[in-house]
Every structure is written in structure tokens, then in C-alpha cells.
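Peer 1: got a predicted structure here, sequence first:
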Amino acid sequence: MPVSESYEVDVAALADHARRLSTLADDLRSVLDGAVSLPDDAFGETGRAAAVALEALGQAGQDTVRAGSDGLAAESTKVRDAATAYEHQEADTKAGLSEAGEGLGSPGSEVPSS
Amino acid sequence: MTTYASQAPLTGDAAEQYLTEARRLLGDITSGKWIQPGLSAGGGFAAAQSTTKPVDRLRAAGLGWLEPDFRPLQEAQDRMALRPGQIQAYADAWDKAAAKISEVARMLGGCAPTDTKTWCGVSGDSYRARAAGMAQALEAASTMATAKRTAAVMAGEVTADARRQVGEILNTLVQDLISYLTVARSAHGGITAEDMAEAKNRIAAVAPRVSELETKLSNSMGELSATQYNSGQANPALLKDSMIPYLGGIGYWYSVLAWYLRGEPITDVLVPNRFRTSPQSAPMQPLPTQQQQGKAPWPQRQNYPSGPGFGRDWHNAMKELERAYEGKYLVNGWQVTKIERTLGGTKRVDFMMVNAQRKEIQILDYYTGKSEPLSHLNKSWSYAKEPEIQALLKQGYTFREPITGFPGKLQ
């Protein structure tokens, strides 16, 4: 990521958002727990083809829900990784500034006598 | 061979298109245009719960000797026997699923921009665009879940209505037979051969009405299935092998949605001139429709010995599926014009589509072998010389470079 992007980021908010995405992924996956099959003869013999088609599409719908959950989990990981990267970058920057500050001497240190 | 490299990822416009398609499907189902005149939805499943069969009333009246004639009519009603509890459970499950998916979509759409508002720059913007697209795609998935719920309920209600009407006809007939034969018995001192013949004639006279209702129900259910499969404008040219079992409008869009939500590079169905390959995703469930309707299973290469058998069966299966799209328009302005047809000459093209606005012709020439030889590529170009293509070229059309290969690997 460009270095300039990190300066404005609220890392804690980003990490929270990653957790929220993970929760949403779990919520979505919970839909699969309530899945119900439609028997072939739900609409009688006359409507067998329609029942079979609906059941097939029910399976496809479950696949899509699973994909949505996977997608949200993947985005959660990406956002969390971004937050971690920004956090490290911030820490590195602070450490760099601290080192630079030490080179100048701490505010309370005595000024070496010449 | 044309190679269409992966281009920019799909935008929110694409996700919006999914939502539009899903709403179209829902509209096609709820409009009830698939229901044949004379039948209706909206009456609930109550008619399916009636317990006393007309044939039982006939027997109870001592007219069991008419059962052989009456039985075919009773069987027609029996074929309309619903399983209301199962239908309701299925409908309720998808109702809840639709609500939950929509809730997740709304929460995602709401929190992504606010939670990440300090995340500026390309990465943040890219994420928010992706989150907005996913929210719309999830709304589309929610809409399709509602469509399934609606289709199940309406199909049940239409079946219940047909069963009720057949029941009324048969109960009226039983009452008529009882009355007639009671009077006849009094008048003739017993049931004569003429009385028996008349009773049988009365049963036969009712049969066409029962048959007509069953045909209407069957046609309605067929139309509903077709609506599910044909609604929207899927693009069979962009099929992956894994989605072939789901060929059809809703199945197609489900597949596309799944790719989109997983963040996979996606075959772009919305932008002309982009035919892109997609990586294999997790295989979907096999198609129960094919298995349970006694059709041959979709040809799998591993089940064939070396030789032409696999290619022949695969082409035939593909033709059967794609024929449903012949004459239809795709989302990107192309019209499918030929599926496994000649072009005025001797050659048969696997798939041809035409874009009248752009004045372009695109053919697909499937190749099921392992390594496509130059001769196959040359064959795909040779379709340009066929009479019907030549006629289009004279009208100013352009013959685009043929797309050859195997679905999912078309290049």
C-alpha cells in the first residue's frame, strides 16, 4: 500500500470492521443450517418436474449463500491484514521518530556542557 | 485462437445487473403468467387436505361395480396430491433465508463506508466498491430466495386448486350417479343393462374435463419450470463445465453470483467483446432434474474410453441444453441464432450468435479433445464461407474470430 495511505487510517476501526465482516460471514452461513429439501412429489406426480427444478435451484441457492459467506470471510481477512499492516507501519514510524529523537537527546536530558 | 485476457474486475454496475435479473425472475413468477387460464393461485393448500376420495363415496353407495370406469378419474386427482407440510417448510426456510441474506446485505452496505471512512486512498476506495458490489449481489441472492419461496407456494396453490376442481367434478359425478341409479332402480325394479351403460356414459362424459384440468396443471408447472430456467438472459456461451447442470436463467445467475461473491475473476456477461476464462470453483451439486427424470447423466470424460464417444455424447448433451436459448437475446445485445444447425450449406455450427446493432457474427466451435489441432481452428474459420454467413457479410456484418475450446476454458 502507498505509505501516504496510512496516515489517515483509524486502525482500530478497521480491525473492528474486519471482525464485523467475520460475524456477517457467520450469520450468512447460518442460513445453511435451516436448509430444507423439497421432495420430488411435493406437488404430486403432475408437478414432479417443477419440484425437482425447485430443489435443484435450492441447492444452487445454498451454493451461492456459501459463496457469499466465503467472500465475506475473505474480505474480513484482507481488511484485518490491512489493519495489521497499517499498525506495523505506524509502529515503525513511531520507532523511527523515537530513534531520531534519541539522537537529538531526550527533553529532560542535560545539555552536555561544552 | 482468440485470447481474451482477464480485464478489470466487475464493477457495482454488474452487481446491480444481477439484482435486476433477480427481480425480473421474481416478477415473472409472482405475475402468475405461467398459470393456465382456469387455474389460480392464492387459495392456499386447504383443498389438498380433503380426505374422502370420490371413489370411496362411490364404493360406500354400493356402486363399486363402476370403479373400473371411475378409477382413471380418481387417479388423475391422486396425481395432484400435495405434501403441504413439506412445501410450507421449504417456503418458510427460503423466506427466513431471504430475510437473513437481505439483513447481511444491508449491514454490509451500511457499515463498510462508515467503519472505513478514514481508510483513504486506492485500497480503501477499492474495498468500499467491492463491499458495495457484494451488498448488491447479496440482495440479488435474497431476491432469488424469495422467488423460490414464492414459486413453491404458488405451485402448491395451483395444484391444490386443480385438485379441488377435479374433486368437485368427481363428487358431483358421484352424486349424479347415485341419484340416477336410485331413480332407475325404483323405476325398473333393479339396475338394467341400459342403466349400467348410461352410468358408464356419464363417467366417460366427465373424463375430458378432468383430463383438461390435469393438462392445464401440467402445462402450468412446465411453464413455471421454464420460467425458473429461462427467466433473465443468461449467456450459454459463457458456461463453465461446473455450471452446465444448472443451465437456465436462475441457475446461471446463481453461478455468476457465486463467482462474484467469492471474488473470483468472473466471466463478464455484461460487456460485449469479453469472453474470459474463470478458474474452477467448487463443483455444484449434480442436477437432480436430469437424474430423476431418467435422462442420461451429463457425460464425464473419465467415464469414457479413448475414442470419439465422449465428444459425441457431450456435443449432443450440450445441444439439448443450449437449444432452449435459440432465438433469445443475451444481456449484452447478442442473439443466439443457431444451435447445432446448418448455415445453408453442409456444415453444422455448434453455436452462433449475432449482434444486429454492432453488425457482428460470433460462432463457437466446441472442442472436447485434450489438445486442439490446427485443423479444428481452420474448421471454425470455414463457417464464414457458409451461405447464411455470406448473406450477413453482404449486409455489412463482420465475422468475428471464432471462439473455440471447452466451456470454462473457451479462449
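Peer 2: Great, that's in hand. Numbers count the residues shown, from 1 in each chain, chains lettered A, B, ... in the order given.
Peer 1: got the contact list for stretch B:73-87?
Peer 2: The contact list for stretch B:73-87 (CB atoms under 8 Å, 6 or more residues apart in numbering or on different chains) reads A:36, A:38-39, A:41-47, B:45, B:48-49, B:53-55, B:152-153, B:155-156, B:159-160, B:162-163, B:166-167, B:170, B:173, B:203, B:206-207, B:210-211, B:213-214, B:217. Placement of C-beta: from N, CA and C, glycine included.
Peer 1: give me the buried subset of the residues you listed.
Peer 2: Buried by 16 or more other CB atoms under 10 Å in any protein chain shown: A:36, A:38, A:41-44, A:46-47, B:45, B:48, B:53-55, B:152-153, B:155-156, B:159-160, B:162-163, B:166-167, B:170, B:173, B:203, B:206-207, B:210, B:213-214, B:217, out of these.
Peer 1: quick one: the helices in the chain?
Peer 2: In the absence of a named chain, this looks at chain A. A:11-33, A:48-104 (DSSP state H).
Peer 1: actually chain B
Peer 2: Assigned by DSSP H, the helices in chain B fall at B:12-30, B:54-60, B:67-78, B:84-115, B:121-188, B:193-230, B:249-262, B:288-292, B:309-322, B:374-382, B:387-394.
Peer 1: pick the most deeply packed of those helices.
Peer 2: Among the helices of chain B, helix B:249-262 has the highest mean neighbour count (mean count of other CB atoms under 10 Å in any protein chain shown), at a mean of 27.
Peer 1: could you dump the helices of chain A into JSON lines with mean neighbour count, distance to residue B:109 and mean pLDDT added?
Peer 2: Output for the helices of chain A, formatted as JSON lines (neighbours: other CB atoms under 10 Å in any protein chain shown; distance: least, CB to CB, whole Å; pLDDT from 0 to 100):
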{"stretch": "helix A:11-33", "mean neighbour count": "18", "distance to residue B:109": "11", "mean pLDDT": "95"}
{"stretch": "helix A:48-104", "mean neighbour count": "19", "distance to residue B:109": "12", "mean pLDDT": "82"}
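Peer 1: need those in JSON lines (columns: distance to residue B:353).
Peer 2: Formatted as JSON lines, the helices of chain A follow (distance: least, CB to CB, whole Å):
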{"stretch": "helix A:11-33", "distance to residue B:353": "36"}
{"stretch": "helix A:48-104", "distance to residue B:353": "25"}
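Peer 1: buried residues in stretch B:34-41?
Peer 2: Neighbour-count burial for stretch B:34-41 [16+ other CB under 10 Å]: B:34-36, B:39, B:41.
Peer 1: farthest pair within the residues you listed?
Peer 2: Using CB to CB, the two most remote members of the buried residues of stretch B:34-41 are B:36 and B:41, lying 11.4 Å apart.
Peer 1: which residue is the nearest non-sequential neighbour of the residue positioned nearest the centre of chain A?
Peer 2: With distances taken as CA atoms, centre = their mean, residue A:76 lies nearest the centre of chain A, 0.8 Å away. Leaving aside its sequence neighbours, residue A:76 sits nearest to residue A:21 (CB to CB, 6 or more residues apart in numbering or on different chains; 3.7 Å).
Peer 1: pretty sure residue B:322 contacts residue B:337?
Peer 2: No: using CB atoms under 8 Å as the test, residue B:322 is too far from residue B:337 to be in contact (11.8 Å).
Peer 1: find the nearest non-adjacent residue to residue 19, please.
Peer 2: If you meant another chain, say so; for now it's chain A. What sits nearest to residue A:19 in space, not counting adjacent residues and going by CB to CB, 6+ apart, is residue A:76, at 7.5 Å.
Peer 1: meant chain B, my bad for not saying
Peer 2: Leaving aside its chain neighbours, residue B:19 sits nearest to residue B:140 (4.4 Å; criterion: CB to CB, 6+ apart).
Peer 1: on that earlier part again, now do the contacts for the residue nearest to residue A:19.
Peer 2: Going by CB under 8 Å, 6+ apart, residue A:76 touches A:18-19, A:21-22, A:25.
Peer 1: and which of the buried residues of stretch B:34-41 is nearest chain A?
Peer 2: In terms of CB to the nearest CB, no member of the buried residues of stretch B:34-41 lies closer to chain A than residue B:34, at 9.6 Å.
Peer 1: what's the distance between the nearest residue to the closest one once chain neighbours are set aside and residue B:151?
Peer 2: Nearest in space to residue B:34, with sequence neighbours left out and distances taken as CB to CB, 6+ apart, is residue B:223 at 3.6 Å. Here residue B:223 is placed at a distance of 11 Å from residue B:151 (CB to CB, to the nearest Å).
Peer 1: so where is chain B shaky, pLDDT-wise?
Peer 2: For chain B, the stretches with pLDDT under 70 are B:1-15, B:17-18, B:47-50, B:226-256, B:259, B:264-298, B:324-325, B:329-334, B:406-411.
Peer 1: pipe the helices of chain B into TSV and attach distance to residue B:358 per row.
Peer 2: Converted to TSV, the helices of chain B look like this (distance: least, CB to CB, whole Å):
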stretch	distance to residue B:358
helix B:12-30	19
helix B:54-60	61
helix B:67-78	52
helix B:84-115	35
helix B:121-188	27
helix B:193-230	24
helix B:249-262	23
helix B:288-292	35
helix B:309-322	22
helix B:374-382	20
helix B:387-394	12
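Peer 1: of all those helices, which lies closest to residue A:87?
Peer 2: helix B:121-188 (14.5 Å).
Peer 1: what angle do that closest one and helix A:48-104 make?
Peer 2: Helix B:121-188 and helix A:48-104 are oriented at 160 degrees to each other (axes from the mean of the first three to the mean of the last three CA atoms, to 10 degrees).
Peer 1: helix B:121-188: how far from the chain's middle?
Peer 2: How far helix B:121-188 lies from its chain's middle: 16 Å, per CA atoms, centre = their mean, to the nearest Å.
Peer 1: check which helices and strands that helix sits against.
Peer 2: When contacts are defined as 3 or more CB pairs under 8 Å, 6 or more residues apart in numbering or on different chains; DSSP states H and E, helix B:121-188 sits against helix A:48-104, helix B:12-30, helix B:54-60, helix B:67-78, helix B:84-115, helix B:193-230, helix B:249-262.
Peer 1: mind putting those into CSV with distance to residue B:394?
Peer 2: Shown next, in CSV, are the helices and strands packed on helix B:121-188 (distance: least, CB to CB, whole Å):
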stretch, distance to residue B:394
helix A:48-104, 43
helix B:12-30, 35
helix B:54-60, 66
helix B:67-78, 56
helix B:84-115, 50
helix B:193-230, 33
helix B:249-262, 34
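Peer 1: and these: which comes nearest residue B:343?
Peer 2: That would be helix B:193-230 among those, by CB to CB, at 25.0 Å.
Peer 1: could you check the angle the closest one makes with helix A:48-104?
Peer 2: 20 degrees.
Peer 1: thinking again about what came up before, isn't the residue nearest to residue B:19 up against residue B:22?
Peer 2: Yes: Residue B:140 lies in contact with residue B:22 (CB under 8 Å); the separation is 4.1 Å.
Peer 1: tell me which of the helices and strands packed on helix B:121-188 lies nearest to residue B:344.
Peer 2: If we rank the helices and strands packed on helix B:121-188 by CB to CB, the stretch that ends up nearest is helix B:193-230, at 27.8 Å.
Peer 1: relative to helix B:309-322, how tilted is the closest one?
Peer 2: Interaxial angle, helix B:193-230 versus helix B:309-322 (the same axes, to 10 degrees): 100 degrees.
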